[in-house]
Structure formats: C-alpha cells, structure tokens
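> any chance you can model this:
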Amino acid sequence: MFKWLSLIAGLFYIVLGIVVMIYRFFFTILDPIIAYALGGVFALYGVFRIYRAISQIKKSKDEE
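Reported below is the predicted structural model:
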C-alpha cells in the first residue's frame, strides 16, 4: 500500500511543481527565478519518488 501511495505523492509533487512554475505562487508571490527553481525541485522530487516506488513495486513482484 505504501508503494502505491508513494507513487501518487510523486504525481502530486510533479503537479505542484508545474503549478508553482506557471502561477509563480507558493504561499506568497515569488520572483520568476525562485518560482522556476522551487517548481523544478518539486518536479524532480516527484520524479524521484515515482522512480523509487516503481523500483520497489518491481522488486516486490520479483520476490513473489
């Protein structure tokens, strides 16, 4: 269950990163450079979580 929740959280972080880059807002108005940097960090973390969740799902299927 945790693996699938991690996959959903990764998708959420990617969407959050895109929203921060487009609207340049995260609890306050951001400068464009900071908005792109923060959005990029969110998106990269989302990709990392998805990669880790997929690798754990594949690993658990191989053990069965």
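> pull out the buried residues from the longest helix that the chain contains.
In the chain, ranked by residue count with DSSP state H as the criterion, the top helix is helix 32-63. Residues of helix 32-63 classed as buried by neighbour count (16 or more other C-beta atoms under 10 Å): Ala35, Leu38, Gly39, Phe42, Ala43, Tyr45, Gly46, Arg49, Ile50, Ala53. C-beta: built from backbone N, CA, C; applies to glycine.
> ok, so of these, who is nearest Tyr13?
Checking the buried residues of helix 32-63 against Tyr13 with C-beta to C-beta, the nearest one is Gly46 at 3.2 Å.
> gap between the closest one and Pro32?
Distance of Gly46 to Pro32, given as C-beta to C-beta, to the nearest Å: 21 Å.
> just Ile57 next, same as before
From Ile57 to Pro32 the distance is 37 Å (C-beta to C-beta).
> who does the helix or strand containing Gly10 touch, helix- and strand-wise?
Element membership of Gly10 [criterion: DSSP states H and E] is helix 2-23. Judged by 3 or more C-beta pairs under 8 Å, 6 or more residues apart in numbering; DSSP states H and E, the packing partners of helix 2-23 are helix 32-63.
> excluding its backbone neighbours, what's nearest the most centrally placed residue in the chain?
Computing the C-alpha centroid of the chain and ranking residues by C-alpha atoms, centre = their mean puts Gly46 first, at 1.7 Å. Nearest non-adjacent residue to Gly46, counting by C-beta to C-beta, 6 or more residues apart in numbering: Tyr13, 3.2 Å away.
> for Ile14, same thing?
Gly46 (3.7 Å).
> returning to what we had before: who touches the helix holding Gly10?
For helix 2-23, contacts defined as C-beta atoms under 8 Å, 6 or more residues apart in numbering pick out 26, 30, 35-36, 38-50, 52-54, 56-57, 60.
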